[in-house]
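Novice: Got a sequence here, can you model it:
(2 chains)
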Amino acid sequence: MIVASLFIISRSHFTADLSAFLPSNPTAEQQLLMDQLKDGLASRLILVGIEGADPATRAKLSKTIAKNLRSNQAFISVNNGEAITAELDRNYLFNHRYLLSPAVTPEHFSIDGLHTAISDSIDQIASPAGLLIKSLLPNDPTGEMLQLLDAMNAGNKPELVEGAWASRDSNTALLLLQTSAVGSDTDAQKQAMQFIQNEFEQAAKNTKASTQPTLLMTGPGVFSVVARDTIKSQVRVIFIVSTVLIALLLLAVYRSLTALLLGFLPVATGILAGIASVSLWFGVVHGITLGFGTALIGEAVDYSIYLFMQSDQTGDKEHDHKKWVQLVWPTVRLGVLTSVFGFAALLLSGFPGLAQLGLYSVAGLIAAAVMTRYVLPSLLPTDFNIRDVSNIGVKLSHYAQLTRRFRWPAVILVAASSVIVYQHHNHLWNNELAALSPVSAADQALDARLRTGMGAPDVRYVVVVSGDSQETVLSNTEKVSVALQGLVEQELLSSFDSASHYLPSLTTQQARLASLPTASELKLRLTAALKDLPVQPAVFAPFLTDVETARTKPLLQRSDLQGTSMAMAVDAMLLQQGQHWSSLIPLTAPESGNIDVAQVQAALDQAQVNNTLFVDMKAESNRLYSGYMQEAILLSLTGIIAIIVLLLFVLRSPLRVMAVIVPLVAAVLTVMAGLALFGQQLIILHLIGLLLIVAIGSNYALFFNPVIKQGITDISPRTYASLVFANVATVLGFGLLAFSSVPVLQAMGVTVAPGVILALIFSAVFARSKG
Amino acid sequence: MNNRLLSLCLLLASLWAIAPPSHAEGTWDLDQLMQSLATTRTGHASFIEKKSIAILDKPVESSGELFYNAPDRLEKRTLKPKAESMVLDKDKLIVEQRGKKHVLSLQSYPEIAAFIDSIRGTLAGDRTALERNYKLSMVGTQQDWNLNLLPLENKMKKVLTSIDISGSDNTLKTIAIKQADGDSSVMMITTLPTPLSAP
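Specialist: Numbers count the residues shown, from 1 in each chain, chains lettered A, B, ... in the order given. Reported below is the predicted structural model:
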């Protein structure tokens, strides 16, 4: 089994992004949010900043890096403000202006329409902007190109310093890269980052600036790479340190290397079984699961401690083991079962992250317990012996007696904790999905800084149009655009972008083509339209040719965009998933501030376009998280109820069950109050930590309230000793997590470590046994 | 691009027109002209501009007002035939046309930025800055001078042949611009009383 586990693990895929904390059965809005987080264009963006040195050096570095990365297959586009695609963009717009311009209607090309359009153009020539359109006039007297350019230039762009993009304060040169790989492909993102780093180092080698330039990178892909690396390295350190500490502890207690090695056997089995089952079931193992796994060493090691320390050492191995199985194993087994019941509830979670933790714990604990019960005893050498801990045990049992005097203070403490928890119940939980993010605050601040410099705020509001073909989606997008344009004119929106701006539906293109008169007809109308205007019809010969060319050319396809910067925009906004097409229409808030959600919704309702969804990404992500939180709370409660039912079934006495549950509830309440007092807002992993307190603490409580068998009613000194050592081992395992900089790991550490200590103390304080 | 550059030149050239008079006796040379222009803090003038464009049968005429606030705000407000405005504020060029507002950053157009710096150099009396982009020559007297600017860079030469500015003291009277394609424009300027606060 161990070999099989190792094999599975060697082929496992590890990840560390937020995806584990996104639901597996989402609503349509959530699906969109997840798609965007995982695979959307936004997920592929890497924002690069170059700081230090002087502006000229930064711009030069930006250009060198951009030039080299443009030929790298890992990147779809590399933008730094250089006019790489400007020519192609312009040609695309100019050559297809009669298909792209929304002004192209039959009226526009009537005699009156032409007259109005051309006299407008002449007025424009007289204006300061006249020189802009002077050269366009013979080809485009109706001003289509100007209209298209206007529409394209609506977006915010960073400023140019020395020919390359720079932040508003000009201190940072900026590049915007789009990777070929999706953001959730962490390996590919890491490689892309490596390419950027290499190019930067290569280019920076030759700078002679007084201060060395530095490279900054941010973006969703970068985040997942950094998070994975951070979690990996921290998990490794925590794993090593906690293993060493627990080993030292056990060595000090056992004074036997054999005992130490054998004691770790159930732990190793548990970890392997845990990872292997998660890998098999989910196909991917989340970094958080691994971090959690290392902490679980602390619990799995308890089983061997109970075996070694609570076994008699009469020299008759067979007899000692039998006695242990008879007297101690039922309690350990019940402890394991309570833990398993508690964690099994998480398996029901719709969120893979929680379900992974659940499966990992269930599989790991069962494997460790089975190993301890059935394999470990037969591996014990005949001369197996550990230090006699009876002396320590006697002392501890004395202390345990003393703790009972503290019943009332303990009751008061728990009561006070309940009051504190109640007082904080409104802001006890953190409701932001971002709280789960493994990205450090510093990295988030850098991201915000570069984004601001880029003038690229987060897209918060998006209208999504879905359908079963590109054509359906595009033509519905156009209908929605009409409604949105109304909002822009009312200044309820500053602007919106849509794929149909760059690639109109075939229906619309056909309608525009049908608006264009034949060459001879147009010539006649033009002559009439120019009657009292100061232009000779001959000037417009190129116009007649261009219109006739447009009439005979095929309609625009997506492939026509190739090489232009608009191709990237269309790829971002027009998505295909199998038979399902969707078009995203990002909205930009008016300068006055926020988007009036109700007005937008009303306009969309009025437009009555099928399969249209108005999504507030931020509200959606928070709704997602609070749903997640509620589910987790519900599942944790289910777990606790399952534990109570199990105990009732086994112990067959509500009083005994109470005796086991009371110390655990007391520990949970005290820890929650403590966290609240320290101003820690609880996230989902605190909740899992609380569940762990119940799962691990139940072992202690059970030992303090033993099943009466064969007339033995008191707790042996060895039991006390084993409990204390098991407890210390657990605290070492989880306590180290509290020092992690990854919020989710840290949350678990600060909850479980004090929680299990309290669970042990409360178990002693509230023990029913007369000891 | 080139067209934008040129229209900007036109705007900026026209802004020379707004300087109020100052007095310098004796001979009148380029340095004195520069110094005189640099004393301008605010200015207000009306203009009539005639553009001769090859494809049009007759020149088009526009008119409006010019405003200048030292050191870096310039505005050309056209009233006829269509109301529109062009404002240069620090390094932003704001064009308002047919109810639409466009903001261009000069940093996005290095050639224009170079040009602006020359203009600013001129307004500050910085002949060196001006001569980075133009070959300057002046003829005439203090009361009736004519400044000729010839672009130095090929990029500029492709759109612009020359700028001729005439004036008296530090008051500009006309700005004539000849484009490389043969089109040309002449702007006639009349100084107006400076408003208490510029718009």
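
Novice: Pull the number of nearby residues for the residue in the stretch 501-650 of chain A positioned nearest to chain B.
Specialist: The stretch 501-650 of chain A approaches chain B most closely through residue A:534 (4.1 Å), counting by C-beta to the nearest C-beta. (Glycine included, C-beta is placed from N, CA and C.) Close neighbours of residue A:534, defined as other C-beta atoms under 10 Å in any protein chain shown, add up to 14.

Novice: and what of the one 4 residues further on?
Specialist: Neighbour count for residue A:538, taken as other C-beta under 10 Å: 8.

Novice: quick one: it from residue A:545, how far?
Specialist: When distance is defined by C-beta to C-beta, to the nearest Å, residue A:538 is 13 Å away from residue A:545.

Novice: Which stretches in the chain count as strands?
Specialist: You didn't say which chain, so I picked chain A. Remark: strands of chain A, listed N- to C-terminal, are A:14-15, A:45-51, A:75-79, A:159-161, A:164-166, A:173-179, A:214-218, A:285-286, A:461-467, A:495-496, A:574-577, A:580-588, A:612-616; assignment by DSSP state E.

Novice: My question was about chain B, not that one.
Specialist: Under the criterion DSSP E, chain B carries strands at the ranges B:42-52, B:60-69, B:73-80, B:84-89, B:92-97, B:100-105, B:134-140, B:145-151, B:160-168, B:171-179, B:184-191.

Novice: Can you list the strands that the longest one pairs with?
Specialist: Using DSSP bridges, the strands paired with strand B:42-52 in its sheet are strand B:60-69 (antiparallel), strand B:184-191 (antiparallel).

Novice: Please spell out the segments of the stretch 301-450 of chain A that come in under the pLDDT threshold.
Specialist: Scanning the stretch 301-450 of chain A for pLDDT under 70 picks out A:431-438.

Novice: Quick check: the residue of it nearest chain B.
Specialist: Taking C-beta to the nearest C-beta, chain B has its nearest neighbour within the stretch 301-450 of chain A at residue A:450, 18.3 Å off.

Novice: Quick check: which of the strands paired with strand B:42-52 is buried the most?
Specialist: Stretch with highest mean neighbour count among these: strand B:60-69 (a mean of 21; mean count of other C-beta atoms under 10 Å in any protein chain shown).

Novice: Could you tell me the angle between that one and strand B:171-179?
Specialist: For strand B:60-69 and strand B:171-179, the angle between their directions (axes from the mean of the first three to the mean of the last three C-alpha atoms, to 10 degrees) works out to 130 degrees.

Novice: ok and strand B:60-69 relative to strand B:73-80, angle-wise?
Specialist: With the same axes, to 10 degrees as the basis, strand B:60-69 and strand B:73-80 are set at 150 degrees to each other.

Novice: State the mean pLDDT of strand B:60-69.
Specialist: Averaging the model's pLDDT scores along strand B:60-69 yields 85.

Novice: neighbours around the spatially closest residue to residue B:182 that is not a sequence neighbour, how many?
Specialist: Nearest residue to residue B:182, sequence neighbours excluded (C-beta to C-beta, 6 or more residues apart in numbering or on different chains): residue B:54, at 6.0 Å. The number of residues packed near residue B:54 is 11, by other C-beta under 10 Å.

Novice: who touches residue B:54 in this structure?
Specialist: Going by C-beta atoms under 8 Å, 6 or more residues apart in numbering or on different chains, residue B:54 touches B:181-183.

Novice: one step back: which residues does the residue nearest to the residue of the stretch 501-650 of chain A closest to chain B when sequence neighbours are not counted contact?
Specialist: Residue nearest to residue A:534 in three dimensions, not counting chain neighbours: residue B:57, with 4.1 Å by C-beta to C-beta, 6+ apart. Going by C-beta under 8 Å, 6+ apart, residue B:57 touches A:534-536.

Novice: Tell me the one among those residues nearest to residue A:519.
Specialist: Lowest distance from residue A:519 to the contacts of residue B:57 (C-beta to C-beta) belongs to residue A:536, with 18.2 Å.

Novice: Identify the residue spatially nearest to that closest one, adjacent ones excluded.
Specialist: Using C-beta to C-beta, 6+ apart and skipping residues adjacent in sequence, the residue nearest residue A:536 is residue B:57, 6.7 Å away.

Novice: what's the answer for residue A:414, then?
Specialist: Take residue A:414 and drop its neighbours on the chain: the residue closest to it by C-beta to C-beta, 6+ apart is residue A:666, 4.5 Å away.

Novice: ok, the one you found - how many residues close by?
Specialist: Neighbour count of residue A:666, defined by other C-beta under 10 Å: 25.

Novice: Closest residue of the stretch 201-350 of chain A to chain B?
Specialist: Among the residues of the stretch 201-350 of chain A, residue A:213 lies closest to chain B, at 20.1 Å counting by C-beta to the nearest C-beta.

Novice: Need the per-residue pLDDT for that residue.
Specialist: Note for residue A:213: predicted pLDDT of 90.

Novice: go on, the one 10 residues further on?
Specialist: If you check residue A:223, the pLDDT there is 82.

Novice: for the one 10 residues further on, same thing?
Specialist: The predicted structure scores residue A:233 at 84 on the pLDDT scale.

Novice: now do residue A:747
Specialist: Residue A:747 is assigned a pLDDT of 87 by the prediction.

Novice: quick revisit: these two touch, right, the residue of the stretch 201-350 of chain A closest to chain B and residue A:51?
Specialist: Yes - Residue A:213 lies in contact with residue A:51 (C-beta atoms under 8 Å); the separation is 6.8 Å.

Novice: where do the contact lists of the two overlap?
Specialist: Looking at what touches both residue A:213 and residue A:51 (by C-beta under 8 Å, 6+ apart), the common residues are residue A:58.

Novice: if we can go back for a sec, switch the strands of chain A over to TSV; also include mean neighbour count and distance to residue A:226.
Specialist: Below are the strands of chain A laid out as TSV (neighbours: other C-beta atoms under 10 Å in any protein chain shown; distance: least, C-beta to C-beta, whole Å):
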stretch	mean neighbour count	distance to residue A:226
strand A:14-15	20	13
strand A:45-51	23	12
strand A:75-79	19	19
strand A:159-161	21	28
strand A:164-166	27	23
strand A:173-179	25	15
strand A:214-218	19	9
strand A:285-286	24	16
strand A:461-467	22	27
strand A:495-496	18	33
strand A:574-577	16	27
strand A:580-588	20	26
strand A:612-616	18	28
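
Novice: looking at the ones you listed, which one has the lowest mean pLDDT?
Specialist: Comparing mean pLDDT across the strands of chain A, the lowest value falls on strand A:14-15: a mean of 60.
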